[in-house]
Structures are given as C-alpha cells and as structure tokens.
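In: the following comprises the amino acid sequence and a computationally predicted model.
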Amino acid sequence: MAKTNPGRFFEDYKLGDVIDHAVPRTVAEGERALYHALYPARHALYSSDEFAGACGLEGSPIDDLIAFHVVFGKTVPDISLNAVANLGYAEGRWLKPVYPGDTLRSQSEVIGLKQNSNGKSGVVWVRTRGFNQMDEPVMEYVRWVMVRKGDLDAPAPETVIPELKGVLEVGDLSIPEGLSFEEYDFTLAGEPHRWGDYEVGEKIDHVDGVTVEEAEHMLATRLWQNTAKVHFDATFRPDGQRLIYGGHVISMARALSFNGLANAQMIVGLNGGAHANPCFSGDTIRAWSEVLDKADTDAPGVGAVRLRLVAVKHGAPEFALKGEDGKYLPEVMLDLDYWVLMPK
Amino acid sequence: MAKTNPGRFFEDYKLGDVIDHAVPRTVAEGERALYHALYPARHALYSSDEFAGACGLEGSPIDDLIAFHVVFGKTVPDISLNAVANLGYAEGRWLKPVYPGDTLRSQSEVIGLKQNSNGKSGVVWVRTRGFNQMDEPVMEYVRWVMVRKGDLDAPAPETVIPELKGVLEVGDLSIPEGLSFEEYDFTLAGEPHRWGDYEVGEKIDHVDGVTVEEAEHMLATRLWQNTAKVHFDATFRPDGQRLIYGGHVISMARALSFNGLANAQMIVGLNGGAHANPCFSGDTIRAWSEVLDKADTDAPGVGAVRLRLVAVKHGAPEFALKGEDGKYLPEVMLDLDYWVLMPK
Amino acid sequence: MAKTNPGRFFEDYKLGDVIDHAVPRTVAEGERALYHALYPARHALYSSDEFAGACGLEGSPIDDLIAFHVVFGKTVPDISLNAVANLGYAEGRWLKPVYPGDTLRSQSEVIGLKQNSNGKSGVVWVRTRGFNQMDEPVMEYVRWVMVRKGDLDAPAPETVIPELKGVLEVGDLSIPEGLSFEEYDFTLAGEPHRWGDYEVGEKIDHVDGVTVEEAEHMLATRLWQNTAKVHFDATFRPDGQRLIYGGHVISMARALSFNGLANAQMIVGLNGGAHANPCFSGDTIRAWSEVLDKADTDAPGVGAVRLRLVAVKHGAPEFALKGEDGKYLPEVMLDLDYWVLMPK
C-alpha cells in the first residue's frame, strides 16, 4: 500500500536499464533571475541577450550549470535516494544551449555495476542525458554512486566497470552552432585577458568569499527539484546539520571564478569532479583555479581551456589540495575538472 | 491626517458590503520559479508546458496555490489587519487556470456578522473572489475571521451566520475547459498510482520533512503581497518570534504530498481548513494525507479525490490529529480538506 | 600575472575619464518577481500591466529602484572596490522606464577629484549613466566616494569639485512619454490620498517594520551583481558581521512607505542621500517620510512631490533625525531626498 517512493536499492539496478526520470521542467527568465540572486554569477554571455547575440547565439542561454542542476535533480529519486556516496563524474558534455522556454527531461542508462566485497552495498554507474522539448540532447554525463542493498540476500550482479575517458579531448566537445568570439567585447565582459594570456600550470586565486546560509542553499536545491532529505531536514542527521547540495558549491565556486576568469564563458565539458568534503551553513566558500590544458577549436575566435576549479572553506587558499597522505585537505570541498570556451 | 491604513474594525463591516482590494498583480514566470525555489513543488502539470499541453491546457498554469495566495494576500489590509484569529475556510473553488501574464485582483463581500458576547470583537464572514484581466473569476472562497472592535460602544449588528456547505459536491467543482487525462504520462508524472488505486480511508505518510527558515517564509509571504506585521517584524510579538503565514504551511505540505500523491494534479475545491497551531522558524514540517472521498467527473480520464492534508511539526507523523479532549494535538499545524483532479 | 581585479585606487582616476562598466544585464519578469519577494513592494504601477497601461504606459515597468540597483551594481568593481566611504548622491534622474526584456549597461565619467590632506586617500566624483539596448539613457546620477591611494607617492591631482544642484527643479525631471493619471484608479492603488492632500512639512510614519536576515540581503545584492566583499564574506570584517548594502535599505524603506504613500508611484529624481549608519542582519527596519516640496507638471493629472525618506532601526520612529551635535542619530540608517510622481 506504500505509495511513497522508497528509492531503488543496489539489487534493483540491471545493466542496460533505461530509466526515464519524472517531472519535466520548463525553465525561463525566473530561473535565470534566481540564479543571479543565489550566486555571484556575472559571465556576460549568460547575463545579456545582446552580448550573447553578438557571439552568434539567438539570445542569452540559461546558465550551463542550471541545465546541469535541472537534469541532475530529476535523477535523485531514482539514482541517489539510497546512495551512501556520490563517487564521481566523467564524460560530461553540454551539447546544446538551453534557452528560456525550453522544457527539460532526464533519462539514465545503467552502464556499470559492482557489488562491494562487504555484500551490503554496490557501485552503480549511470550515463544521464537531458533532453529538450524537441527531444534533442542538451547535456550528458556519467555519474557513479554507492548504493545500499535493500535485500542483503539478493545475488551480486556480474561486475561490469565501464571504460570512461579520464579527460575529454577537444574533439569530443560540442561547440554551439553559430558561436563566434570574433566580435567579442572584452570591456563589457569585464576582463582583458584572453585565451592566449593563460598558461598551462597557471593558478588563479579568485579572492572573493561568500558565507553561505541555510535559506539560500535550500532555495537553490529545491529550484532544481532535488529532494534529497539530507539537504532540507535538520532532524535527519544526528548532528542536526543540513548537508549542502554539492552542486550548490559547484555553482558558487564557478561564479566566484569570474574574478580572474570572466572570459571563461561557456562550460562544454566535465572531465571529473570530487565533492572532497561536505559544506555546511556558515562556511565561507572561496575558490581557486588551475589551467590544466589549452586547445584550439574550429569556431571563429573560440579557444578551449581545461580548468581545475577548487572550492575551499575559510582562510585564504594557498592552492593546497591534498595532504601527504594523498587525501584531500579538510578545507577542500570541491575539485572539478572541466572545459570552457574562451575568446582568442 | 493619518494617511496610513489602520485596518478595519468589527464595526466597520456591514452586511452586503463589497470591498475592492488594492494592488492588482501580474503573475508570470518569475512567480513560478520562486514557487519552485520556496517549496519542493514537483507536480508535472505545473512544471512543464509540454506536460500541461498533453493534458489539453494551453500551457503550464501558475500553481493553484499561487493563485490562492495572491488573491488572499490582497484581502489582508482590508479583512485581517486587526484580526485576532483566522477561523475557517469554506466553499473554495478554483474556477479557471491562471497563466503567466495574467493580472489578478480581488474582491470580497461581507456575507455574515456576529458580535461576540464579550462585546470586544466579532466574527466577519467574507466571500472573496479573484478575477483575471478579462474580469473572469479565477477562484473564490469564504473565510471567517475574528476582528477586534475599534469603538467598544459601537452597536452590535444583527447576527447573520451564512449557510455554508461543509463539503463541496463534485458537481460544484469547476473542471478546466479542455482538460483530459487520456494521454496522461504516469512515468513523467513520477507516480504509477492512479485514481482507482486510492481507497477512501487510506492514509499516506509523505515521509519527507523541511526545516523552515525566517528568510524563506518572509520571501514567500511578501511575494503574495501579504503585509501582516506579525510575519515580518520580530519586535511585534512579546516572544520575539515571527509567526509564519499559514499559507506557507499549506504550500509546504501540499508540495511534500507529491511523494505519494504525485498524480493529485489540480486543486479544484477547498472544503475547509484549520491552522491548528502556529509554525515558527526552526520547525520541521512533515505531512500526511487521508483519502476522504472519490468521485467521477465528465472530463475524459479525470477523476476527483477529496483529501485531508495534515501538516505536523517534528517527529514522524502517526496520523494522529486530535487528543481525547477533541482539540488538535500541539504538533498539528494544518488540517486542510480539499478536492483534487487525478487521472483515472 | 594577477588576473583578478584589484579595483582602482585614487591615483588611477583622471578627470574626464569615461569608464565603461562590465557585464550588461537583461532584466525581465524574474527580477520583478524577486523584487516582490525581497521587499514589501506594492505600488500598483509596478505590480500590474493593466494598471500601468491605464496610466498610458506600454506595460508595468521594472521598478525604478531595480534600474538604479542594476546600474549602480555594475559600477562597484570600477568605482567603489577600494572605497572607504560612500559620501553622497546628487542629480539623480530616471530618464526612461525600463521594461522586461531590456538590457542595461553602465558608464561613468570622472567629474571631480580632491586628494585628502592626509595624502592617503581622496574623493572621486563620478556621473554614472545607465543605457538600454537602444543606447538610450534610462537613468543617471552623481555619486562621490572616498577612495584609498594605492601608491602614497603618487602626485595629488588638481582639485576639481563639481558644481552640483542641491535639489533638482521640477523642470529637470523627465516624465515618461504618454504618462497620464487622468484615469487613475485610487481604489486599486490602495490609497485615497492624492497630490492635493499632502502638505509641505507633513510627516508620515509608515508603521510597519521588517526584521532583516542575512540570506535576504545577500540574495538582493547579488541580484544586482554588486560584488563588494563586505556584504557577503562574514570573515571580512573583524566583528564577523556582514554589512548590508545601502541600496537594500533604500528599497526596504521605499516599499514600507507604501503605507501612507501608495500613490507616490514613480521615482523620477534623487536629490541626495546619506547612508547615515550601517544596517546589519537582525535589525528591524522602519521608515518615515516628510513632504519637502510639491510641484505641478505638464503631464495630464500628474503632480510631483519631493519627499524625504528616512529608514530607522528599532523602536517607533518619532521623526527624529539628528542629535544636538548635528550628527545623525545612531538609529537612523538612511536619509533620502527624492522626487516622485503622484496623481492629482
């Protein structure tokens, strides 16, 4: 008789399963305004229809991370409701800009399974795709999570670990049709430095910090229709703290990176990412970036840069990431590896 | 010379008075996005233009409770500024969907008056109607409040207690023109259970909880242009607490009810409701529902379900409502009786 | 190699410099909805397309203070990142309504410079203009700030103090094309008092109060893409408090002034303003107004009123502004002198 969703357990996933996630969502000017209220987001392409038009787009798209959050949020009831840990991302690609008025839905395919040796949980790999109302894919990514078993006696599935690219090559990236940075206005973008000015290995301290509040991360997480209890219910964890959605930290760090990377306009690839340590209300988020790679593209005036984006809490970041034991330092909350498009 | 609104006192209401409430409001995509940020709202008909279109509507309407809050908010300066208590609701009907771009205004008629025996206050019944920019009624409801007398020497009016239906019949409900659930997509809606799967008497624990914050309820209450001091001014009550607008609890509980009632799509009737106990910042809201009745409708594939929606604070709800003394338990914040439309 | 913006120091400003500020912004229904959520804003012209249409406008404009905040926010990285104090405003004029879909950008001209006698800082006067996507000016104002010197050995510039009008005359004000209050609906506006009912010297206590929260002022300040660290980073000030953006107090006080000045519809001039004392989370903002002047205009049914708007914290305002020493009382946070349009 239980009509509420108990979520899936490890034994409920079968290799090749295709799960259509619920609740399609029309995104519009309201989501854009809220994104600007929730994060110090200032990348000009996502702020001004005229700026985006001058770059060859039909108007200012919805922020790439809004698309990610909306597509991701829909997967939570089917993929991560009983997840113990969010283990990683790979092969994330943004395939088509999302514009106000578009309706997004999500679909995931189970591409890997491995029961843990303790028999109590297992790792599930899914490739999730977001589609717009024309059934065109707008983004995709692979995520793997550790999920509890509901029935400890359920047999272990055959172990299948998908082969995933550690890093996308520039040829894997999808560049929006018509995109050109030949008429790019560096003054309006807020940053004189262009593709040629960034060196591989260069590190940038983004300087600014934001102290986060309960009300804000809950507004954000609900906006993406992500319903994981741990973000909303202060009685859920023994310590009475609400865990902040990892995507909130991603968006905050990306927005802070404007100061030093204002021309890193469009996110086109996600090579990997780790939510290294949890974030709680009261933490002050700062960010730094490292230039990992650079590549040219065929689009006029458009270069690609591969960046590491690191979010830390408290203190001034000194570009420290891991300790001598190879583990992330306790101040590090996020280590994200992604590709962006930048004017040459 | 006082130009500020002191609100009306009991003796200021006359039977048959029609009050046009101030400040018409155009509602659009921004209000929809904020609703998704403020509440874990996921009913697909109010989330996706395509889903709503497949149900025969011209697009995704503004949430029924947004319409209610906007219409209600306008009445506060004229009806409840000096109210001691919000006593009840009856005969609430949603008459026409509200779409982005519609402009709403409210009007109330005084339909009942009864001075209390203490001579210091009285009960006022009003029937409030909300209209769109074509002067079409979009919703109506009866509300009664206890209001202080400003002049204790003012004579008592003749007592008139309106005859109100305890429960609307299905024939009283207005079903949106063109609505059809024959092409309803249960996968995208997020719930396999349909009208036939719910039994009268069945109770559903909606499982999830949300711990509420000051910033959130104030954002919500202001959004509906509800200006009652007690929600905003921490110096207003002797205990320094801001009372959360009862409508915030209604929307939170309704949104939580998605988990178990995702197909309870459109609210069409409000039979009654009690704000049993106050809600404050820090309270964790949970909800449960009871199926009170079911009825068929003429619209293709559309059934009606009468539900009790109960919001409680803290602990897991055990479906307990009142104590042996017949009074609501202190954990119960809301007891709402309403009709929804559900696919058959 | 530093790619982050260090801000300009006093010696970096030259008389006559024209600075194009970064990050143009398209404003739409989302910003309007958020404004209603953040402030108890109820002026009908900014709430209803129909009401605005009946006043001769093409629709409901974006609130005049949204235009101000967006134009102002863009200037922060170039003008006030190293500012020690925001000293004053003058000659502010709203030149054209901003409608949903308009894209705003800002430009400032350095019109005055004066190094302080201590040699460590100086005062910079700028005239800032906001433009829409047709390059039409939508508003302008003069602001002067005290800015630190980066290089104490930099020579002092020639002192130039601009001649500024202490008060704009009614002839300086720009009245939107087509504006007419001849069909003005006082009932829907929520206030029976019109231009003729207000007397010069009259003071109005706006009665209501709002206790402000961290999450709210950060949402607001980010929405205007104002990135000054002091508003967001609780570790920035030694006392661990985040300073609330002065514009947040302006908008809160203006919205509170609805109660007594609901017909003070359009802000057209800013004569001056002082952020007398800082505002912090937990403060309860109240407001009072004084009628400073009245004038007629050529537009049908449209009068102008010059108002002082005062925001205070805690206690009931007794219209007190300054102490015997001529300094603002510690409870006074804002003293604003502005012109509005009101129906006759």
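Out: Received, thanks.

In: enumerate every residue touching residue A:103.
Out: Residue A:103 sits next to A:24, A:25, A:26, A:27, A:132, A:133, B:48, B:49, B:50, B:51 when contact means C-beta atoms under 8 Å, 6 or more residues apart in numbering or on different chains. Where C-beta positions appear, they are placed from N, C-alpha and C, glycine not excepted.

In: now the first one. Its backbone dihedrals?
Out: Right, the one you point to is residue A:24. Main-chain torsions, residue A:24, degrees, to the nearest 10: phi -60, psi 160.

In: leaving out the residues flanking it, which one is nearest to it?
Out: Take residue A:24 and drop its neighbours on the chain: the residue closest to it by C-beta to C-beta, 6 or more residues apart in numbering or on different chains is residue B:48, 3.8 Å away.

In: quick check: that neighbour vs residue A:133, distance?
Out: Using C-beta to C-beta, to the nearest Å, we find residue B:48 at a distance of 8 Å from residue A:133.

In: neighbour count for the two, which is higher?
Out: residue B:48 (24 against 16; other C-beta atoms under 10 Å in any protein chain shown).

In: and the next helix or strand past the helix-or-strand element of chain A with minimal mean pLDDT?
Out: The helix or strand of chain A with the poorest confidence is strand A:83-94; it has a mean of 93 (mean pLDDT, DSSP states H and E). For strand A:83-94, the following helix or strand on the C-terminal side (DSSP states H and E) is strand A:103-115.

In: show me where chain A has its strands.
Out: Remark: strands assigned in chain A by DSSP state E are A:18-20, A:25-26, A:83-94, A:103-115, A:121-131, A:137-148, A:203-205, A:210-211, A:266-274, A:284-296, A:302-313, A:332-343.

In: which strands or helices does the third one pack on?
Out: Using 3 or more C-beta pairs under 8 Å, 6 or more residues apart in numbering or on different chains; DSSP states H and E as the contact definition, the elements that strand A:83-94 packs against are helix A:64-75, strand A:121-131, strand A:137-148, strand A:266-274.

In: any idea which of the ones you listed is most buried?
Out: Stretch with highest mean neighbour count among these: helix A:64-75 (a mean of 25; mean count of other C-beta atoms under 10 Å in any protein chain shown).

In: that one near chain B anywhere?
Out: No - interface with chain B: helix A:64-75 contributes nothing (C-beta under 8 Å from any C-beta of the partner chain), its closest point being 9.1 Å away.

In: that helix and chain C in contact?
Out: No - for helix A:64-75, no contact with chain C is found by C-beta under 8 Å from any C-beta; the gap never falls below 12.0 Å.

In: only C-alpha atoms, please: export that helix in PDB.
Out: These are the backbone C-alpha positions of helix A:64-75, laid out as PDB (Å, rounded to 0.1, in the frame of the first residue of the first chain):
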ATOM      1  CA  ASP A  64      25.100  25.800 -18.300                       C
ATOM      2  CA  LEU A  65      25.000  24.800 -14.600                       C
ATOM      3  CA  ILE A  66      21.300  25.400 -14.400                       C
ATOM      4  CA  ALA A  67      20.900  22.900 -17.200                       C
ATOM      5  CA  PHE A  68      23.200  20.500 -15.200                       C
ATOM      6  CA  HIS A  69      21.300  21.000 -12.000                       C
ATOM      7  CA  VAL A  70      17.900  20.500 -13.500                       C
ATOM      8  CA  VAL A  71      18.900  17.400 -15.400                       C
ATOM      9  CA  PHE A  72      20.700  16.100 -12.300                       C
ATOM     10  CA  GLY A  73      17.900  16.900  -9.900                       C
ATOM     11  CA  LYS A  74      15.500  14.700 -11.700                       C
ATOM     12  CA  THR A  75      17.700  11.700 -11.300                       C
END
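
In: which other helices and strands contact that helix?
Out: Where contact means 3+ C-beta pairs under 8 Å, 6+ apart, helix A:64-75 is packed against helix A:29-38, strand A:83-94, strand A:103-115, strand A:121-131, strand A:137-148, helix A:214-223, helix A:246-256, strand A:266-274.

In: dump the shortest one to CSV, keeping only the CA atoms.
Out: Which is strand A:266-274. Provided in CSV are the C-alpha atoms of strand A:266-274 (Å, rounded to 0.1, in the frame of the first residue of the first chain):
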residue,chain,number,x,y,z
MET,A,266,30.7,28.5,-21.8
ILE,A,267,31.1,25.2,-20.0
VAL,A,268,31.3,22.5,-22.6
GLY,A,269,32.9,19.5,-20.8
LEU,A,270,33.1,17.9,-17.4
ASN,A,271,36.1,15.6,-17.1
GLY,A,272,35.7,14.7,-13.5
GLY,A,273,34.8,16.0,-10.1
ALA,A,274,35.1,15.2,-6.4
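
In: so that strand versus strand A:332-343, what angle?
Out: Relative orientation of strand A:266-274 versus strand A:332-343 (axes from the mean of the first three to the mean of the last three C-alpha atoms, to 10 degrees): 160 degrees.

In: elements contacting strand A:266-274?
Out: Checking 3+ C-beta pairs under 8 Å, 6+ apart, strand A:266-274 ends up next to helix A:64-75, strand A:83-94, strand A:302-313, strand A:332-343.

In: close to chain C, is the last one?
Out: No - applying C-beta under 8 Å from any C-beta, one finds strand A:332-343 out of contact with chain C, separated by at least 12.1 Å.
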